[in-house]
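Asker: Here is a sequence together with a model predicted from it:
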Amino acid sequence: MKHRIIALIQARMGSTRLPGKVMKKINGKTVIEIIYERVKAAKKIDDIVLAIPGSKENDVLAVEGKRIGVKTFRFAGNENDVISRYLGAIEYMGGADAMLRVTADCVFVDPALVDQLVRVCREKFERYDYFTNICPPSFPDGFDLEIFPMRTLNALNKELRSIHGREWFSLYVGKHSKRFRTYNLRARHPHTDMRVVIDFPEDLTLARKIYSELAPRKKVFSFRDIINLLKQKPEFRRINAKYLGYVSKPV
């Protein structure tokens, strides 16, 4: 039986370092539009949902979701209760066997990496409780992927009671690798010295330069294309180099 895996794009407008970052424009497209286009290019996921808080602040994001054609779930509870937002979104989508998490600061999510991790998840579904490429990381910051089987999400829902724990649950999973059997996808050639995630104004500046360079050549460029570009243009890497190793707050 093929396991149903839904890609969930987690987003919200609240951001203290870069307010409204998911609606910022890159070459005329919003960040959330680019993420949706790139996730949609993956071939092995079954569906996609945008999961956002229900607060008025996020109305603009709901409107954008409708404009770009992504199914959108709005969570009425505490926006920091990410686990409940996920569970609500999965129920809204009619259920799933597992959920692929894509955070809205990873604007250049790679569809080929998505397909690779999804394939591993389906092949090894019973052997592992958590599928990722960040434990430990070997890809540039900004290509983070996580797949949670529903049995894992349900367990976390029972175990984690504080809002802080329910927001940062990935750290809990990572710290309890004996409790949650983890499969980690590693890059053949590690590049953890590069950062393409969007959390600060400098990150957005770099993302715009990358998109301007690569999008005209290839509609859905890969993480390898970005790595090669940053190697060719070290001045690009210096734009946000001071934030290497910074851990973004969940969106």
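Answerer: Now that the structure is in, tell me what you want to look at.

Asker: contacting residues for Ile6?
Answerer: Contacts here follow C-beta atoms under 8 Å, 6 or more residues apart in numbering; on that basis Ile6 touches Ile45, Asp46, Asp47, Ile48, Val49, Ile90, Met93, Ala96, Ala98, Met99, Leu100. (Each C-beta comes from the backbone N, C-alpha and C, glycine too.)

Asker: How far off centre is the helix or strand hosting it?
Answerer: Assigned by DSSP states H and E, Ile6 belongs to strand 5-10. What separates the centre of strand 5-10 from the centre of its chain is 8 Å, taken as C-alpha atoms, centre = their mean, to the nearest Å.

Asker: again, but for stretch 19-31
Answerer: From the chain centre to the centre of stretch 19-31 is a distance of 16 Å (C-alpha atoms, centre = their mean).

Asker: do the same with stretch 154-170
Answerer: The answer for stretch 154-170 is 18 Å, by C-alpha atoms, centre = their mean.

Asker: Name the nearest residue to Ile34, ignoring sequence neighbours.
Answerer: Nearest residue to Ile34 in three dimensions, chain neighbours excluded: Val107, at 5.5 Å (C-beta to C-beta, 6 or more residues apart in numbering).

Asker: That neighbour against Ala207, yeah?
Answerer: Yes: shown here, Val107 and Ala207 form a contact pair, counting by C-beta atoms under 8 Å, at 5.6 Å.

Asker: Need the overlap of contacts for those two.
Answerer: Both Val107 and Ala207 are contacted by Ile26, Val31, Val196, Ile198, under the criterion C-beta under 8 Å, 6+ apart.

Asker: Please spell out which residues along the helix or strand bottoming out on mean pLDDT in the chain are buried.
Answerer: Comparing helices and strands within the chain by mean pLDDT, DSSP states H and E singles out helix 169-175 as the least confident, with a mean of 92. Going by neighbour count (16 or more other C-beta atoms under 10 Å), the buried part of helix 169-175 is Phe169, Ser170, Val173, Gly174.

Asker: circling back: turn the shared contacts of Val107 and Ala207 into JSON lines, columns for pLDDT, neighbour count and distance to Gly14.
Answerer: Listed next are these as JSON lines, based on pLDDT from 0 to 100; neighbours: other C-beta atoms under 10 Å; distance: C-beta to C-beta, whole Å:
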{"residue": "Ile26", "pLDDT": "97", "neighbour count": "19", "distance to Gly14": "20"}
{"residue": "Val31", "pLDDT": "98", "neighbour count": "24", "distance to Gly14": "14"}
{"residue": "Val196", "pLDDT": "97", "neighbour count": "24", "distance to Gly14": "22"}
{"residue": "Ile198", "pLDDT": "96", "neighbour count": "31", "distance to Gly14": "14"}
